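**Student:** A structural model of the following input is requested.
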Amino acid sequence: MLRKSPASCDTLFNRGMSLAMREGKGRLTAHHETLARLDATERRSRAGRRLPLHQIQSVRIQISIMRYVSEARFTCAGRSALSRSKRMTLFSLAMSQPLSRPPWKASLPTTSLRKAPQLLFARLKRLTSSTTLTWLACVPVAFLGLGLFNLAAKAAELPELTPGFLANNLFLLICAVLVIFMNAGFAMVEAGLCRQKNAVNILAKNLIVFALAVTAYWFIGYKIMYNADWVIPGWLKFGGFFFDPAVTPEMIKEAKLVPSVDFLFQAAFAGTAATIVSGLVAERIKFGPFVIFSLILVGLIYPISGSWQWNVGEGWLNKLGFIDFAGSSVVHSFGAWSGLVGAMLLGPRIGKFVDNKPQAIPGHNLAIATLGCLILWIGWYGFNPGSWLSMAPEVPYIAVTTTLGGAAGGIAGTITSQVTGGKPDLTMTINGILAGLVGITAGCDGYSMPAAWVVGFISGVLVVFSVMIVDSLKIDDPVGAFSVHGTCGIWATLAVGLFNTDKGLLTGHGFGQLGLQFVGVLAFALFSIITSFILWKVIGSFYGGIRVTEPEEVEGLDIGEHGMEAYPDFASTP
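**Tutor:** Presented below is the predicted three-dimensional model:
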């Protein structure tokens with residue numbers, strides 16, 4: 001207890017008496033708001049030691065006197081008539097009353113088991129300030145960084161982490177998350193451009209396909225694509241399951257990617273290939289066959305063809321000199337060809353073609369489709385810049401060429417739809433943007449900025465005419481997935497042979513690279529078509545076909561396949 005002189009005791013006593021009296025009243029009552037304020041002041045002071053010790057104790061003295069005189073119910077006249085000795089007596093009595101300790105101020109190790117939950121909850125309630133939340137947000141990031149590199153168990157064996165190692169791995173981790181987030185964009189675009197009676201089915205497919213892709217790619221796909229030994233050199237790898245996540249000293253010294261973060265990035269790409277298939281077979285495929293097809297596609301078929309190009313100096317296409325920087329053929333056109341085969345085997349949706357003429361089947365929510373398009377555009381900044389596989393000066397340039405391609409595609413899609421249809425079509429603006437992004441993907445690292453814009457603009461024009469051609473062939477592509485990923489994936493691959501700064505025909509380097517690009521386009525198309533046809537047929541033989549029954553299709557796959565509706569409070573329309 002801090003010692004006080006009589007003068008200071010008088011001052012504190014009078015201050016406590018004043019706090020306890022409502023002005024204009026003749027009777028002392030507890031001033032609860034002031035008490036609460038002083039309690040809060042004391043708590044803050046004692047917790048943060050923002051006030052000197054004598055001020056903290058002064059606040060405590062005032063609170064004690066206030067409580068005491070409030071309970072004693074002195075009158076205003078009585079206060080002034082008190083002698084100094086009486087005041088000192090009351091002061092001593094007030095200070096003898098123990099202050100109640102706020103529950104959060106108690107110590108967890110010393111509190112009783114009965115009071116521990118209340119104490120813990122009270123402490124958690126304090127963690128609501130913006131500053132506290134900001135610091136708390138750093139906690140999972142820190143733990144993620146520690147867990148990602150799997151260094152704890154081998155800390156003694158590994159050298160000190162270098163800035164280059166940390167920058168490269170963190171950069172690719174962020175890019176992997178962006179590409180994974182593209183699954184939300186694909187789901188929203190497909191669901192928005194299809195009818196509401198099939199929304200649950202579409203969302204379920206897009207959600208499960210990534211879970212399947214990660215599992216299959218982790219189980220065997222990543223091993224086949226990168227880590228296994230060549231069974232047929234340049235063409236086929238195989239041997240074992242899973243991948244080794246071990247981090248070596250060489251990886252740290254040379255600022256290489258750790259296997260875990262590289263797996264995440266590549267698995268996100270594999271999931272994209274399977275997601276493209278979903279758009280082509282929407283609104284009429286059985287859920288089970290689609291799940292099985294996606295699992296095998298990502299686990300076996302996609303890794304085989306991917307190994308041809310993305311094993312630098314080893315895959316036969318890569319050694320040949322074929323260029324596909326971020327996957328216009330490896331990912332996009334590959335998935336589009338697989339989906340096109342499924343769409344042709346399924347046949348068109350009921351009501352799509354009447355008297356051999358294509359009929360528009362409008363989507364139920366263009367707002368969702370538009371938001372999905374923007375999400376995909378953002379995700380592409382992980383797709384293309386991340387394919388550089390390190391944080392380098394080229395990354396911002398790739399981001400700019402990617403942006404120019406998407407922007408030009410959106411402009412071209414809007415203009416072309418207005419010229420051909422009389423009015424600008426929002427769905428063609430959406431598909432134009434996506435077409436421009438696909439179109440720039442194969443060569444975004446090797447184009448000048450004007451060339452990137454031109455490639456994207458041509459993609460936006462192509463996607464509009466491609467939709468018309470696909471319809472004229474009596475192929476039902478509900479969301480234009482083949483036109484976006486197939487047609488523009490092919491164009492993107494060939495455009496490298498035209499516009500690449502170092503090897504393009506239009507930049508003065510002859511037809512050589514363009515010829516190699518044709519070889520790559522044909523290789524991925526033939527492999528995808530043949531393997532997908534066989535796989536669809538085999539799966540269909542086990543399921544009695546891959547298409548739902550006519551009554552299920554008319555009622556909607558939400559009910560027939562899942563027994564639920566996306567919008568139960570709204571009446572469905574056929």
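
**Student:** put the alpha carbons of stretch 540-558 into PDB.
**Tutor:** Backbone C-alpha positions of stretch 540-558 (Å, rounded to 0.1, in the frame of the first residue of the first chain) are rendered in PDB as follows:
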ATOM      1  CA  GLY A 540     -20.300 -46.400 -69.500                       C
ATOM      2  CA  SER A 541     -20.300 -50.200 -69.800                       C
ATOM      3  CA  PHE A 542     -20.200 -50.500 -66.000                       C
ATOM      4  CA  TYR A 543     -22.900 -47.800 -65.400                       C
ATOM      5  CA  GLY A 544     -25.200 -48.700 -68.200                       C
ATOM      6  CA  GLY A 545     -24.400 -45.500 -70.000                       C
ATOM      7  CA  ILE A 546     -23.100 -42.200 -68.900                       C
ATOM      8  CA  ARG A 547     -26.300 -40.100 -69.500                       C
ATOM      9  CA  VAL A 548     -29.100 -39.700 -67.000                       C
ATOM     10  CA  THR A 549     -32.600 -40.800 -68.000                       C
ATOM     11  CA  GLU A 550     -34.900 -38.400 -69.900                       C
ATOM     12  CA  PRO A 551     -37.300 -37.900 -66.800                       C
ATOM     13  CA  GLU A 552     -34.300 -37.100 -64.600                       C
ATOM     14  CA  GLU A 553     -33.000 -34.600 -67.200                       C
ATOM     15  CA  VAL A 554     -36.300 -32.900 -67.500                       C
ATOM     16  CA  GLU A 555     -36.800 -32.700 -63.700                       C
ATOM     17  CA  GLY A 556     -33.200 -31.600 -63.200                       C
ATOM     18  CA  LEU A 557     -30.100 -33.300 -62.000                       C
ATOM     19  CA  ASP A 558     -30.300 -31.600 -58.700                       C
END
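
**Student:** for that stretch, which positions count as buried?
**Tutor:** Buried residues in stretch 540-558, counted by 16 or more other Cβ atoms under 10 Å: 540, 546-548, 553, 556-558. Yep, even glycine has a C-beta here, placed from its N, CA and C like the rest.

**Student:** residue ranges for the strands of this structure, please.
**Tutor:** 229-232, 236-238, 353-354, 357-358 (DSSP state E).

**Student:** who's in contact with residue 209?
**Tutor:** 183, 271, 274-275, 278, 294 (Cβ atoms under 8 Å, 6 or more residues apart in numbering).

**Student:** by neighbours, which of the residues you listed wins?
**Tutor:** residue 274 (29 neighbours; other Cβ atoms under 10 Å).

**Student:** so residue 344 touches residue 477, yeah?
**Tutor:** No - taking Cβ atoms under 8 Å as the definition, residue 344 is not a contact partner of residue 477, at 10.2 Å.

**Student:** tell me the contacts of the residue nearest to residue 224 when sequence neighbours are not counted?
**Tutor:** Nearest residue to residue 224, sequence neighbours excluded (Cβ to Cβ, 6 or more residues apart in numbering): residue 303, at 4.0 Å. Residue 303 makes contacts with 217, 220-222, 224-225, 237, 270, as judged by Cβ under 8 Å, 6+ apart.

**Student:** check those and tell me the two furthest apart.
**Tutor:** 237 and 270 (15.0 Å; Cβ to Cβ).

**Student:** between these two, which is the more surrounded one?
**Tutor:** Using other Cβ under 10 Å as the criterion, residue 237 and residue 270 rank with residue 270 on top: 27 against 22.

**Student:** how far away is that one from residue 310?
**Tutor:** Residue 270 sits 11 Å away from residue 310, taking Cβ to Cβ, to the nearest Å as the criterion.

**Student:** out of the strands of the chain, deepest packed?
**Tutor:** strand 236-238 (a mean of 17; mean count of other Cβ atoms under 10 Å).

**Student:** other SSEs contacting that strand?
**Tutor:** Contact partners of strand 236-238 among helices and strands, from 3 or more Cβ pairs under 8 Å, 6 or more residues apart in numbering; DSSP states H and E: strand 229-232, helix 302-310.
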